[in-house]
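Trainee: Structure of the sequence below:
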Amino acid sequence: GSITSDSSFDGYEVDTRRKSCVMARSPSEDSLLDGRIGPNRSDKWWNRMLYPILSVFSELTGLRDSRRQSGDSDTDSPVRPRKKVRRKYSKTGAEMPFNRWDPRNMTEQKFGQALATIPDSPLPSIMDSPSVDSSPTHLTPLGSPYTSTPVRSNSPNIFPRDRTWVSISEAEETEGDSTVEDRQSPLPPKDSMDQSSPSEVKKLSLMPKDENNLLVRQRSFTTGNKPTRSLSPNAVRLLDISANGITSLDGLTKSDTSILNSLVAVEKLDLSQNSLKDFPWRMCQALPKLQSLDLHGNSFVAFPAHVLACQHLDSLDLSHNKIADLTKKPSKTSFSLKEFNISHNSLTALPSWIGVCMPMLQSLNVEGNRMAMIDGEENFQLRRLKVMNISKNQLKELPVKFLMGCPKLETLVASCNELDTLPYDAAPKLPNLSTVKLAHNRLAEPEPTYIPRFLLLLDRLRSLDLSSNDIQGLPPPSHWNTHALRELMLGGNHIRKLVLGDSAKQWSTLERLIISHNKLQEVPRELGYLTSLTSLDFSHNKYINTLPDELGRLSKLWELPLDGLRLDLDPAIVKGRTKDVIGFLSQRLKQAVPHYRMKLMVVGFGGRGKSTLLRQLQKLKVDPKFNTATVGVLVKDWKIPVKKGRTRTISYTLSTWDFAGQEEFYSTHQCFLSSRSLYLVVYDLSRGPKEVERLRPWLLNIQARAPNCPVIVVGTHKDRIRREEADSVIMEMRQRVQTLCSTAG
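Mentor: Down below sits the predicted model:
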């Protein structure tokens, strides 16, 4: 009987017909057909199903036992009981059986071990018998993938097929002959067919035959018998010879002309991670269609200027080399180069000839050099440049003409430099600038802008990174020209207060806000208006102890780190998911009722006019007899009506706390100081500069008990100062108070 199986094997349609024959099976553990699966065992359904499949697989891969001989039966030789081997497969699949084309496949290794046991004697002479099937193998393209159909004769004398080495080469198709004689050749390697079009015909070249017309199995390949692949001139388009330790290309340029002619269609050449010091001029001539050249990770000490002569070159990578000087202007000009990467070299200045020799450049990367200046910025003209990376250098300024020479700039990366200012005059000339990364510089500005005006004048700014710049604050959204800000990164600064105000809705498109590792004292409630936020990070601000309920409106928020905070929330909520925290704040916001009430705490030494100040603020009539000292704490409500619109009036209530200034009451004051209050610290102007120093214990006590509360320092008894000295005295006292409040301790 015969066993016929039609199967599809890894993209190639295979029709394999196998004649049944009685063979002696070796108990080798490498055999795929063990004693539990056989053609005569039909007691189990899996035996009847798996045996034809494994037979075909064993025939294709050549894994038949090398000691199996034709004409022997399983009953002629004793078979040892095979030990059951339990295979353990790892979770990563490191030992799982792969496709036979996979280089990690153990099948090929087993085949190599079995091949080493085959004797060197030639095949039996019966191979020359006319009864042996010697019909050709037709390789006809049937679309994609190819179909290989071995044509077999009907002769009953079919011997087991031995595996032979074959090499696949491309050849010119001859008229009327598209077949190659291969009596019993295996399937061609997959990688030899995936680069060809369906209309091409593959020819199989077998191993040489001896004088008896028998195939000779080779043990190893030498220069003479090594299977080769002859490439057509238009076959290779991508050539990757990276990480091979190549020191020179002179051997290739001086080789046979046919070798260089086979590279005429190469469009991408990867020579990275080698030890090259030069790129020969003849290589540029041999690569007329070159579009991408990767030379990073070599030993270049000079810029290979002749590569600019390649007419189609649009990407050049010379990063991670040893180039230190670019002052010499190349004699060639490239009108096709769009990407130039010369990062991580030893450049000390950015040459101005880049704009002359590379006029079509769109991306320039000079990261990780030693540049301290930009040479000839007045001649630096890159009218088509869109991306510029000058980070990790030693630049102290960006000249105005340098930025104005790049009118189409969209991305500017200048992180890790020594920049302390930006030319705001260049901002109107950069209408497309949308991404600016300036982390790790010195761009802090004084109040009220806090940051360079150059950034505030950009109309299309979408992403801004100002991390680690010693910034003290942030201007409100109303000071920014952009209305499309998406990312704002301010981590690692000294921001104490984030002021958004009523203009927070101008940043309604903001999606990411990072303000971690600062000195924030509270989270502004106006963040609830930024409903597009998906990532909000104000972690590691140790003074934040509460979250406003308005954050519950941020329904799109999925990232909210709370590390390094001392929140007054349940730890189970803080450690939960972001969705749970926002849900909790949302529920609390829904249950909240507007309550227009606040504390007004008036503190200071006795006899400074605290009670009189309160009466004047409330516009109460002054009683001449009202001159007695306050005892303890005097608490009263002060209602202030405020109109909202034409008909609506809201009544605000200030609970005034007038503390006694006598020394015997000092120990009780700390029990009443609370957060969410407004503090008035009162002192006497007429007592001179020493009076300011006496304010220190009051300010320190407020800082310890209510660190996030606003404090107003008020000077009284101005009428006791001479009119001609009043202005100078008030100015001096104001400066002393500001100095006192800004110093630590």
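Trainee: got the end-to-end distance for stretch 273-290?
Mentor: End-to-end span of stretch 273-290 (C-alpha to C-alpha, to the nearest Å): 19 Å.
Trainee: nope, stretch 297-307 is what I was after
Mentor: Across stretch 297-307, first to last residue, C-alpha to C-alpha, it's 17 Å.
Trainee: ok, now stretch 463-479?
Mentor: 17 Å.
Trainee: now it: mean pLDDT?
Mentor: What stretch 463-479 shows for mean pLDDT is 94.
Trainee: Pull out the buried positions in that stretch.
Mentor: For stretch 463-479, burial by neighbour count (16 or more other C-beta atoms under 10 Å) applies to 463-469, 471-477. For the C-beta atoms, the positions are set from N, CA and C on the backbone; glycine is no exception.
Trainee: Quick one: mean pLDDT over stretch 335-349.
Mentor: Average pLDDT, stretch 335-349: 95.
Trainee: what's the distance between Gln738 and Glu732?
Mentor: With distances taken as C-beta to C-beta, to the nearest Å, Gln738 is found 11 Å from Glu732.
Trainee: which residues make contact with stretch 736-744 from outside it?
Mentor: 689, 692-693, 695-696, 699, 711, 713 (C-beta atoms under 8 Å, 6 or more residues apart in numbering).
Trainee: now do 7 Å
Mentor: Residues from elsewhere that reach stretch 736-744 (C-beta atoms under 7 Å, 6 or more residues apart in numbering): 689, 692, 695-696, 699, 713.
Trainee: Which among those residues count as buried?
Mentor: 692, 695, 699, 713.
Trainee: Next, the last one: phi, psi?
Mentor: So that's Val713. Main-chain torsions, Val713, degrees, to the nearest 10: phi -90, psi 120.
Trainee: now it, which residues is it bridged with?
Mentor: In this entry, Val713 is beta-bridged to Val681, by DSSP bridges.
Trainee: So for it, what's the pLDDT?
Mentor: 89.
Trainee: Over to the second one?
Mentor: Residue-level confidence at Leu695 comes out at 84, pLDDT.
Trainee: distance of it from Ile573?
Mentor: Taking C-beta to C-beta as the measure, Leu695 falls 40 Å from Ile573.
Trainee: Also the third one?
Mentor: The spacing between Leu699 and Ile573, counted by C-beta to C-beta, is 35 Å.
Trainee: what do you get for the last one?
Mentor: Applying C-beta to C-beta, one obtains 39 Å for the distance of Val713 from Ile573.
Trainee: any idea of the mean pLDDT for the biggest helix by length in the chain?
Mentor: Ranked by residue count under DSSP state H, the longest helix found in the chain is helix 723-742. Helix 723-742 shows a mean pLDDT of 82.
Trainee: How about stretch 242-251?
Mentor: Averaged over stretch 242-251, pLDDT sits at 91.
Trainee: Buried residues, that stretch. List them.
Mentor: By neighbour count on 16+ other C-beta under 10 Å, the buried set for stretch 242-251 is 242, 246, 249.
Trainee: you'd agree the first one is up against Lys268?
Mentor: No. Under the criterion of C-beta atoms under 7 Å, Ser242 makes no contact with Lys268, lying 11.5 Å away.
Trainee: my guess is Thr534 contacts Leu560, does it?
Mentor: No. Contact criterion C-beta under 7 Å: Thr534 and Leu560 do not qualify, at 10.0 Å.
Trainee: Could you check which of the two is surrounded by more residues?
Mentor: More neighbours surround Leu560 than the other of Thr534 and Leu560, with 19 against 14 (other C-beta atoms under 10 Å).
Trainee: State the distance from the nearest residue to Glu732 once chain neighbours are set aside to Leu316.
Mentor: Of all residues not flanking Glu732 in the chain, Pro689 sits nearest, at 7.0 Å (C-beta to C-beta, 6 or more residues apart in numbering). Distance of Pro689 to Leu316, computed by C-beta to C-beta: 68 Å.
Trainee: Ok, Ile721 next?
Mentor: 75 Å.
Trainee: what's stretch 563-582 in contact with?
Mentor: Contacts to stretch 563-582, defined as C-beta under 7 Å, 6+ apart, come from residues 539-542, 544-547, 551-552, 554, 557-560, 562, 584.
Trainee: Show me what counts as buried in it.
Mentor: Buried residues in stretch 563-582 (16+ other C-beta under 10 Å): 565, 573-574, 578, 581-582.
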